[in-house]
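Chemist: What shape does this take:
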Amino acid sequence: MTMGLTDLKTLERDAFRKFYDDGIFDVYVGTMLITMGVAAVVADRMGSEGLSMLLTLGLAVAITVPLLLWRRHLLRSRLGEFKPGPARRRKISRTRLVLFGSVLLGVLAFAVATIAFQSESSVDVAGLLIPLLWFANSMIVFGAMAYLLDVPRFYVHGVIIGLATPILIWPDVLWDVRVPPWLAFGGPGLVVAAVGFYKLRAFLRDYPVLETEVAADGEA
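Modeler: Next up, the predicted model:
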């Protein structure tokens, strides 16, 4: 029986989804949020935004490089090689454009915040606007990734991550209640990372190391 085009697309989609079932990206995003909370605490206690930025950058590099290398090895040893079709490659390219656009939106948010702080109602404007821009950026990025990469849980991640800045800023601006940065960023970060660790555990259980990889290790 000849397999239909719809069946082939479904198989290709399901195969591609496996490469995001490992949960490592979720762990990475959650860890980066926690890192932002740690950096904010350092900036608050040390009184140095520059030190906070350097710490964030250093931790980001220290986390990103080994995690990406390990993920590449993990996927290859358990799923083998996978070459997506033309339509999937176009989706991946669009995802990269969305991520690039999110960076531009972040720069725009800082520019708007700078202008707002120069006005008479700077605190109210910036305090209300920056969390909205953060939330919108999170929803756009993770919503696009969920749609283009066919990973529905990224929609939920967009909401959870988008709440971090509103939790941090709005209580202070509206009700004079200060939420610690480690809680505002660390809370959502822990939730997303926990989902990642759950997915990773299931991935390691469901996808053992391929026999070819075991044989190659034995020959080495």
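
Chemist: any idea how far residue 96 lies from residue 163?
Modeler: Distance, residue 96 to residue 163, by CB to CB, to the nearest Å: 25 Å. C-beta here means a position set from N, CA and C on the backbone, and glycine is covered the same way.

Chemist: So between the two, which is more surrounded?
Modeler: The residue with more neighbours, out of residue 96 and residue 163, is residue 163; 18 against 10, by other CB atoms under 10 Å.

Chemist: secondary structure element for the spatially closest residue to the more buried one that is not a sequence neighbour?
Modeler: Counting by CB to CB, 6 or more residues apart in numbering, residue 163 lies nearest to residue 188, which is 6.0 Å off, once chain neighbours are set aside. Residue 188 is part of helix 181-206, with elements assigned from DSSP states H and E.

Chemist: for that helix, the distance to its chain's centre please.
Modeler: Going by CA atoms, centre = their mean, to the nearest Å, the spacing between the C-alpha centre of helix 181-206 and its chain's C-alpha centre is 11 Å.

Chemist: Okay, helices next: where are they in the protein?
Modeler: With helices called from DSSP state H, the chain shows them at 5-18, 24-46, 49-79, 86-117, 122-149, 153-162, 164-175, 181-206, 211-219.

Chemist: With mean pLDDT added, can I get these in TSV?
Modeler: Shown next, in TSV, are those (pLDDT from 0 to 100):
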stretch	mean pLDDT
helix 5-18	67
helix 24-46	84
helix 49-79	82
helix 86-117	64
helix 122-149	81
helix 153-162	94
helix 164-175	88
helix 181-206	94
helix 211-219	55
